[in-house]
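*Asks:* I'd like to go over a predicted model; first the sequence, then the structure.
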Amino acid sequence: MTQAATERRAVGVVRILIEARAIQTRIAELARELDDHYGSDIPLMVGVLNGAVTFMTDLMRAMTIPVVIDFMAVSSYGASTRTSGVVRILKDLSEDVEGRRVLVVEDIVDSGLTLQYLLDVLRRRNPAEIRVVALLKKEKGEAADVQVDQVGFAIPDEFVIGYGLDYAGQYRNLPYVAVLDPSVIDDVEV
Ligand code: PRP
């Protein structure tokens, strides 16, 4: 790693919340549960772009059963650190979900609004089953009561970055989950 890269990371990270190794250990556990759940069936894994890409690619490689993958892109936040409650489909699935066992893969459930919207859309397409796995779920009272079947880590209500999660498009490539330094919010160009 270059000195410049080290300094860039240090600017945004207040503290590491979940180390890279702990993420991989937990993903192996989630993958074993999913292998058991699906048995000889082939689930359609639906990753929610962009944040879930990192989790999805690690999770599917930790699973031993065959899977089919597809992606949806939805927008809820823009460049802000708080949800707007507005969700739009930016990219829809290529696969037909009717009669399939669908596994929605999310990086984080915060307010739950994005996932709630996505599940409503998918349920209307008559899948045989919908299951949801999220790497992170915020522990907050006001969150929507939304279906999440497997959670990697319950985390406090702080703005987190890394391992797919961004602030203003940055920090997704950190291998760990970290808390964003609030002073960065004013510094990042959005
Ligand atoms: C993030 C994250 C979830 C959603 C969770 O996506 O990936 O999809 O917000 O927030 P909520 O539970 O409050 O709805 P975002 O819209 O920031 O896009 P991204 O995945 O491209 O970062």
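*Replies:* The structure has been received and is ready for your questions. Numbering: from 1, shown residues only.
*Asks:* contact residues of the chain facing the ligand?
*Replies:* Residues of the chain found near the ligand, taking C-beta under 6 Å from any ligand atom as the criterion, are 48-51, 75-77, 83, 106-115, 166. Where you see a C-beta, it was placed from the backbone N, CA and C, and this is true even at glycine.
*Asks:* can you tell me the closest non-neighbouring residue to Asp107?
*Replies:* In space, not counting the residues next to it along the chain, Asp107 is nearest to Gly51; the distance is 3.8 Å by C-beta to C-beta, 6 or more residues apart in numbering.
*Asks:* got phi/psi on that neighbour?
*Replies:* Taking degrees, to the nearest 10, you get phi -60, psi -30 for the backbone angles of Gly51.
*Asks:* follow-up on the earlier one: buried among the residues of the chain next to the ligand? Need that as a selection in PyMOL.
*Replies:* The PyMOL command for the buried members of the residues of the chain next to the ligand (criterion: 16 or more other C-beta atoms under 10 Å) is given here:
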select buried, resi 48+49+50+51+76+77+106+107+108+109+110+111+112+113+114+115+166
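*Asks:* name the residues that touch the helix or strand hosting Thr114?
*Replies:* Per DSSP states H and E: Thr114 is located in helix 113-123. By C-beta atoms under 8 Å, 6 or more residues apart in numbering, the list of residues contacting helix 113-123 from outside reads 46, 48, 72, 74, 76, 83, 85, 87, 89, 97, 102, 104, 106, 109, 130, 132, 134, 144, 146-148.
*Asks:* now, of those residues, which are buried?
*Replies:* Of the members of the contacts of helix 113-123, the ones counted as buried by neighbours, 16+ other C-beta under 10 Å, are 46, 48, 72, 74, 76, 87, 97, 102, 104, 106, 109, 130, 132, 134, 146, 148.
*Asks:* now the helix ranked longest in the chain: how far from the chain's centre is it?
*Replies:* Counting residues, the longest helix in the chain under DSSP state H turns out to be helix 20-38. Distance of helix 20-38 from the chain centroid (C-alpha atoms, centre = their mean, to the nearest Å) equals 14 Å.
*Asks:* by contact count, what packs against that helix?
*Replies:* Packed against helix 20-38, as judged by 3 or more C-beta pairs under 8 Å, 6 or more residues apart in numbering; DSSP states H and E, are the following elements: helix 53-62, strand 129-138, strand 150-155.
*Asks:* how close does the residue nearest to Asp107 get to Arg100?
*Replies:* With distances taken as C-beta to C-beta, to the nearest Å, Gly51 is found 23 Å from Arg100.
*Asks:* ditto for Ile161
*Replies:* Between Ile161 and Arg100 the computed distance is 33 Å (C-beta to C-beta).
*Asks:* which elements pack onto the strand or helix carrying Val74?
*Replies:* Using DSSP H and E, the secondary-structure element containing Val74 is strand 68-75. Counting contacts by 3+ C-beta pairs under 8 Å, 6+ apart, strand 68-75 is packed against strand 44-49, strand 88-91, helix 113-123.
*Asks:* done for today, thanks.
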